[in-house]
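Undergrad: Whatever this is, show me its structure:
(chains A, B, C, D and E, ligands or ions: 5)
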Amino acid sequence: MLQSFLQNILNALQWGSFYSLIALGYCLVYGVLLLINFAHGDIFMVGAYIAFYCCMFLLGKFGVFAGLPGWMVLAVAVPLTMVLTAVVGVTLERIAYRPLRRKGVNRLYVVITALMCGLILENGNLALLGASRKSFPTLVPIKVFEIFGVTVTNIKLMVIGVAILSFLLLHFIVTRTKIGMAMRAISYDRFAVPLMGIPADTVIVFTFVLGSGFAGLAGLFFAMTYPVIDPYMGALIGWKAFIAAVVGGIGSIAGAFAGGFLLGFVEIMVVAFFPSTYRDLIAFSILLLILSIRPTGLFGVARRTKI
Amino acid sequence: MQRLTVPALLACLFGVLLWAAGTGALNVYWQSVLMFMGVNIILATSLNIINGNMGEFSCGHAGFMAVGAYVSSLLSVALFTKSQVFGEPLIGPAAAVWLFPLVLIAGALAASLVGLLVAIPSFKTRGDYLAIITIAAAYIVKSTIENIGAIGGARGFMGMSAVMSAMNETINLPWILIWVFVGTVFSVWLIRRFIYSTFGKGVDAICQDEIAAEIMSVNTDRVKLVAFMVSCGLAGLAGGLFAHILGYVNPGTFTILKSTEIMVMVYLGGMGSLSGSVLAAILMTLLIEYLRDAFGFLNTFLHYISVIPDSYEVTQVWKWVVIPLLLVLLMQFRPEGIMGRRELADVFPGLRKFYKFKG
Amino acid sequence: MLLSVQNLRVKYGNIEALHGISFHVNRGEIVTLIGANGAGKTTTLLSIMRLPPPEAPKVVEGDILYEGQSILGWETHDVVRKLHMDLSPEGRRIFGNLTVMENLILATYARKDGEEAIARDLDRVLSLFPRMSERRKQRSESLSGGEQQMLAVGRAIMTGCDFILLDEPSMGLAPLLMYEMFRTLKKLNELGLTILLIEQNAKVALNFAHRGYVLDTGEIKTSGTAEELKHDPEVKKAYLGG
Amino acid sequence: ADTVKLGFNIPLTGDIPDVGESSKNAAEMLKKKINDAGGLKVGDKTYKVEFIYEDNESKAESALSATRKLITQDGVIGMVGPQSSKQAVPAAEAANELKTPMMAPWSTNPNTTKNRPYVFRGCFLDTFQGPTAAKFASEEFKAKKAAVLYDIASDYPKGLAEDFKAAFEKINGPGSVVAFETFTTKDVDFSAQLTNIAKSGAEVLFVPQYYNEVPLIVQQAKSLGFNKPVLGSDSWGSGDLMGLCGDNCKGFFFVTHYAAAGAQGKTKEFIDEYTKLYKKTPDDVAALTWDSANLMLAALQAAGPMSGDLAKDREALMKAMAGIKKFEGITGNMSYPATGDHDPIKCAVVVKIDDAGKFAFYKSVCP
Amino acid sequence: MALLDVKEMTQYFGGLCAVSEFTVALEQGQMAALIGPNGAGKTTVFNLVSGFYKPTRGEIIFDGQSIKGLKPHQVTSRGIARTFQNIRLWFEMTVLDNIRIAQHHALGYGLFDCFLRTPRYMQRERDIEDHAMEVLSRLGLAEVASELPKNLPYGVQRLVEIARALSIKPKLLMLDEPAAGLNSADVEGLIKLIGDIHRDYGIAIWMIEHQMDVVMSLCSWIKVIDFGATIAEGTPEAIQNNPDVIKAYLGDDTI
Ligand SMILES: Nc1ncnc2c1ncn2[C@@H]1O[C@H](COP(=O)(O)OP(=O)(O)OP(=O)(O)O)[C@@H](O)[C@H]1O
Ligand SMILES: Nc1ncnc2c1ncn2[C@@H]1O[C@H](COP(=O)(O)OP(=O)(O)OP(=O)(O)O)[C@@H](O)[C@H]1O
Ligand SMILES: CC(C)C[C@H](N)C(=O)O
Ligand SMILES: [Mg+2]
Ligand SMILES: [Mg+2]
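TA: Ligands and ions are numbered 1, 2, ... in the order given. Below is the predicted model of the structure:
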């Protein structure tokens, strides 16, 4: 009993890590543009595919060169994936979001555009790469340790570590640095930002680089953990991660991080101790409760309008 | 006199539909397309109250649709036909024709009650947090249904088509078509009267400046409550019709994707524009149906001019690339939707004399 | 001539707000624009700062020269960081989700002139508005109207620019503080700060400024030194309240 | 009308697109074969056959509207598919209502054909598959305790899981299924369920799931320290199981409809031709679709000359199909009972995934 | 007996005491002012009275009944209307609609009336519209009735806000810095207008204002607060010459 409880805590940590990683990206972009970037889940998916092709290439599967050992591939794939995914994210912002921003339209129209871009990524991928799924290569052979009845794998540990590090990094950037302040300022009043000598668009691009980059990272590790990748893999987890981000208090990095793990825990624990069909029911009831009690999420600050 | 033009037109349209359906000039397939169009109109216009007029961001409309769908389906199956789930009918097929509208209304009421699930939090919670509450509510509804094994759980529930045929046996008319038509007209009419009253304008006031509204004597809580319940109720109505058109309901239908589909119609039409939502609903339905076949032709054409190798086929998959693409482009060129905040009457003032808005 | 605006015509969408106005500001001067509500004062400043539409207007004709070179093609943040020109906008536009201190620090984003210069300006601002140092950790959106105004002006000073445009800086300030502020600005001006001021209270404005322009429905009506304007009967009647 | 139209209601997109692809491949191959031979001879006329493929996105409601479209809009005389019971059950209802013959090649869930005169199927039932699996598990692995992990949101896995449970507990006594864990379509993380299973001390894990879920389940089971054999069902055979699962699945068994490896006769011809055409060995869904379509066409010929009035012809076709009592397919012989639902009596095969990753024939189980 | 009677009202924001022990009694039809340095707590007082904040301590009696803890819209229905320090109109709706919506407190019909367009509904809608037009024309805004506020000059927007508050038929009208952002000429117009309103409608008016000419020429009684606490109250003359007030607030006007 206790063992399986501990085991499930571990499972929850792993599952929550992914929610957190994705939620962080949501949170960054939202924190700047108040834009719910619904394409984020699919950028995560694209990240996984990019990671897939990077690894295939580095493993020499395309016969270009001999190929590297697994761990080295991983070492190279991480930055490569992050950069390439970032490029995708920035492209979206350039061709789809920025023009709308320039026109000064209601932000919900940008949100809808984001949704559409998400669909395009999903189905575009489906149409181009074909329907059949891809199996992600095993870079580091799974090692299963057994510590008094609780089984841990190297992958699990790696994932959890990555999530925590990413959080610390982003939290530092947003709260401590000037560019972090600039990000938050943009979210409050984009008009006044240039008057501080801040090139708003640069800051925004920077945000998308960060956000998408970490989506890519998430994609890579997700594919390593659940090595069957398909074009729709990002849709559901994306939505849930977004929900987690909001429950944590959207716009607050710490919130997103906590929210992600919270959701992960609830889901795993419910499945472990109730019929799995109760998962969404219980999980979302809890979230709904939290939001009705703390209308701005766990870490969010109410935007007090002074009259 | 001219005030009556619109009712007159509607009456004609109604007649034509009946005739076409009766003579089979309009085959079952196209009938169903039209009916889905109607359902979409109800959904879009009702969501428009929340996402358009109130400026909130509700992503859970499908959830309320689901409530309506299930409640009315269960009722009509239980009341009018024998089924594995409920066994013998409680009232019997003969009554179906007369009681069917009540079944639909029951569904609507149930939905608007579930609407409280978001209406009440909305007093305190706003914006994107409320958006999440709506999503959560939708999920809760969906997963509640999935957990009731007796009615098929996640595997869906069927038997409504038997009710439909029962109605036809009593009086041979395309009943479902009739009710969809009536329901659509009714909803639009209801919504219009609501949002053009001083009472309903409170909704826009909340959207533009809630604090001012509250301090200028608008009982924001009450207005929100009413708005949500009306909106959700109509969604329920739409759900009921939807279920009876399809003859089968499945919680899997009422996912976020369904909600987004409705949202897209609202924003495509223009936030807060009733006629916009109607137009958008019609366009979207047609577009999707058209693209269903378009690819066949496209394929042969592309092969013919051999831009793509015969081995490669442009399949249905592209449909869901093309549709969002079109929408994205449209957003770029018409960044506030087809109608913006305006109504048909603002675009063609000529129309004004045919129907008055205020008073 | 530091800044010269030549025959400037600007539009919001297709409403023309300025019908070709020309004026100039010399280095070290205090110049004021006075005019009725809706005359186009704010519009002028927004177009000088090259802020983007739709909030700001689009220039359809005329030119804006900074030391003889046109800045029409420039972006706002370059105007600030390269020309050291800054605007304290109408309606404060402070960053409510940042604390008072963060607002002031953010204003130094583009500054290159070293820490001690920043420190100097900071305590200049804090001694002018002691309230700001009391509230340094408060989220600025919960500041009172006047306090927000202080922050907005303080921010403009913190950018370390040598040419600042002030849009109704005294709006909502208590009399005492208003005079206090103008005195400080005067001091800064003597230290070489150039100021272009918009002020509803024409009396104060003309006491403060060296020269002034009277703007009316998008056109320059009269102009001259503060003294001349103070005694111009037209101006007296329209703006100095008889 | 010198063409006869058959509709194919298959999942070209969605969760199990490979299933749709195989079905389409088989159908195309059949169409080509017939039309190259001049066409299909019905009565004294020969018709060209035309197949219309409608995508059901492997969603129940899409399958339903696809059915309606095929029948009312495209005016097909009969419909093949849907493949998975999730879609087949509701689709069958519609087909039956619109009085159009439907042939479900691969839907093993009993409800598909249950008192629906117009609905037929080309494969055995889960009420047979379940016990077969249970028996095999007890005999092959000497298992006294079994665990099941299945998708409760889909008819097929749910039905089959329950059949298996019943049968296994009949053999090994009540409570011998020590873990009966569920998940929901599209889940990817099964760690919680598998933790329970691993702790339950089961000696075999039965996974009646589709090829896209099996690899994840197997891999996660291993990394949670569960090293007992995993037993599969007919849904394993489809799609790119080995491509996705790799070594993890080698050595496992599953119950299915036919084994490509080591087949001969008609079956072999089919396999060779298919392999030549599409560069891969046909999975069972391809074979079953081939059989089903053939059976329907055979019935069409048996029904004699067509009146051109769809309603009449459809009814005639239905009668003819009901008339067929024996049919020799490449997936083995099917014999239909004289009365009741149109479910064939048919043998199942147990396949072993050998170390080369081939689906090798292991044994055949007949009712 | 006083129209508005505030006793020892106190408001804390976290640690800081924005309003402490605030006490005031306004008579029917009185014209009073509340002044004080920035951040003294004036707007907060208004917010407390109009129900936007709930006081930490103290009592608020209006027209003989306690209105402490009522929701803003309830307070307004009791007859307290206000304007805002920075304009809060519904900028996307016509001026007329802005006024109509302010009639929610006296709607007099329910949801189903407006579904069914009952006679009552029709009657009320007509009354509301007439009333709105009447108020607008009283303030000389009749010709902008169908304009969108966002396209109106600042001065006019201020007037519309006042009109909206008046249309509620309040017993007490609270104006938060009505003259802010108006130029000298418009200020004079405003002074006259407020005077007229006070005379014609005979309502009590209570204003916050930093422009002394407005306060001094209109108000018969002035209260000065700093750091939430009262530092002086009395007639304009008394206040103008009160050394504390001069030191804390008025200052000397040499630049
Ligand atoms: N964003 C905008 N869109 C359309 N018209 C505008 C906009 N901003 C201002 N205007 C119009 O341009 C004209 C000038 O406005 P502006 O704000 O420059 O006047 P102002 O002199 O600053 O008035 P105030 O003294 O009230 O600040 C006004 O008629 C105003 O209605
Ligand atoms: N919601 C809040 N949270 C924290 N502090 C607040 C809040 N609202 C106001 N304050 C503080 O309370 C004090 C009083 O604010 P208030 O707005 O009443 O001042 P005021 O007298 O209206 O000043 P002004 O004349 O500048 O408008 C200010 O110092 C302000 O910082
Ligand atoms: C695996 C599925 C596509 C086929 C399975 N026999 C079913 O009935 O659903
Ligand atoms: Mg201005
Ligand atoms: Mg104030």
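
Undergrad: burial count for the residue of the stretch 101-250 of chain E found nearest ligand 1?
TA: When scored by Cβ to the nearest ligand atom, the stretch 101-250 of chain E has residue E:154 as its residue closest to ligand 1, at 3.2 Å. Backbone N, C-alpha and C define where each C-beta goes, glycine included. Applying other Cβ atoms under 10 Å in any protein chain shown, we find 19 residues neighbouring residue E:154.

Undergrad: Show me what the strand or helix carrying residue D:352 packs onto, helices and strands only.
TA: Using DSSP states H and E, residue D:352 sits in strand D:348-353. Secondary-structure packing of strand D:348-353 (3 or more Cβ pairs under 8 Å, 6 or more residues apart in numbering or on different chains; DSSP states H and E): helix D:126-140, strand D:253-256, strand D:359-365.

Undergrad: Give me the average confidence score over that strand.
TA: Average pLDDT, strand D:348-353: 91.

Undergrad: and what of stretch E:35-50?
TA: Taken as a whole, stretch E:35-50 has a mean pLDDT of 94.

Undergrad: Just give me the residue closest to the centre of chain C.
TA: residue C:166 (1.7 Å; Cα atoms, centre = their mean).

Undergrad: I'd guessed that one sits against residue C:194; true?
TA: No: Residue C:166 is beyond contact range of residue C:194, at 11.3 Å (criterion: Cβ atoms under 8 Å).

Undergrad: returning to that earlier point: what strands flank the strand holding residue D:352, and is each parallel or antiparallel?
TA: strand D:253-256 (antiparallel), strand D:359-365 (antiparallel) (DSSP bridges).

Undergrad: In the longest one, which residues are buried?
TA: Across strand D:359-365, burial judged by 16 or more other Cβ atoms under 10 Å in any protein chain shown covers D:359, D:361-362, D:365.

Undergrad: could you dump those residues to JSON lines with pLDDT and distance to residue D:291?
TA: Listed next are the buried residues of strand D:359-365 as JSON lines, based on pLDDT from 0 to 100; distance: Cβ to Cβ, whole Å:
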{"residue": "D:359", "pLDDT": "87", "distance to residue D:291": "18"}
{"residue": "D:361", "pLDDT": "88", "distance to residue D:291": "18"}
{"residue": "D:362", "pLDDT": "90", "distance to residue D:291": "22"}
{"residue": "D:365", "pLDDT": "88", "distance to residue D:291": "19"}
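
Undergrad: Please identify the residue of the stretch 51-200 of chain E positioned nearest to chain C.
TA: residue E:153 (3.2 Å; Cβ to the nearest Cβ).

Undergrad: residues contacting the closest residue to that residue other than its chain neighbours?
TA: Spatially, and ignoring its direct neighbours in sequence, residue E:153 is nearest to residue C:38 (3.2 Å; Cβ to Cβ, 6 or more residues apart in numbering or on different chains). Counting by Cβ atoms under 8 Å, 6 or more residues apart in numbering or on different chains, residue C:38 touches C:217, E:153-155.

Undergrad: other SSEs contacting the host helix or strand of residue B:275?
TA: Using DSSP H and E, residue B:275 sits within helix B:274-304. For helix B:274-304, the elements it packs on are helix B:28-47, helix B:175-195, helix B:256-269, helix B:319-333, judged by 3+ Cβ pairs under 8 Å, 6+ apart.

Undergrad: what's the offset of the second one from the middle of its chain?
TA: On the basis of Cα atoms, centre = their mean, to the nearest Å, helix B:175-195 is displaced by 11 Å from the centre of the chain it belongs to.

Undergrad: Which stretches in chain D count as helices?
TA: For chain D, helices defined by DSSP state H occupy the ranges D:17-36, D:60-68, D:85-97, D:126-140, D:155-172, D:191-200, D:214-223, D:241-245, D:266-278, D:284-302, D:310-323.

Undergrad: Just list what the second one packs against, helices and strands only.
TA: With contacts taken as 3+ Cβ pairs under 8 Å, 6+ apart, helix D:60-68 sits against helix B:28-47, helix B:220-246, strand B:248-249, strand D:3-10, strand D:45-55, helix D:85-97.

Undergrad: Rebuild the helices and strands packed on helix B:274-304 as a markdown table, extending it with mean neighbour count, distance to chain C and mean pLDDT.
TA: Shown next, in a markdown table, are those (neighbours: other Cβ atoms under 10 Å in any protein chain shown; distance: least, Cβ to the nearest Cβ, whole Å; pLDDT from 0 to 100):
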| stretch | mean neighbour count | distance to chain C | mean pLDDT |
| --- | --- | --- | --- |
| helix B:28-47 | 24 | 28 | 92 |
| helix B:175-195 | 20 | 27 | 93 |
| helix B:256-269 | 23 | 19 | 92 |
| helix B:319-333 | 18 | 16 | 87 |
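
Undergrad: Nearest to residue D:66, out of the ones you listed?
TA: For residue D:66, the closest of those is helix B:28-47, at 11.1 Å, according to Cβ to Cβ.

Undergrad: Now do the SS call for the residue of the stretch 201-350 of chain B found nearest chain E.
TA: Taking Cβ to the nearest Cβ, chain E has its nearest neighbour within the stretch 201-350 of chain B at residue B:217, 3.7 Å off. Recorded secondary structure, residue B:217: coil (DSSP: H, G, I helix; E, B strand; the rest coil).

Undergrad: In contact with the residue nearest to it when sequence neighbours are not counted, which residues are there?
TA: Nearest residue to residue B:217, sequence neighbours excluded (Cβ to Cβ, 6+ apart): residue E:105, at 3.7 Å. Under the criterion of Cβ under 8 Å, 6+ apart, the neighbours of residue E:105 are B:217, E:73, E:76-77, E:168.

Undergrad: just to revisit the earlier point, residue E:89: which of the helices and strands packed on strand D:348-353 is closest?
TA: Each of these was scored for nearness to residue E:89 using Cβ to Cβ, and the closest is helix D:126-140 (67.5 Å).
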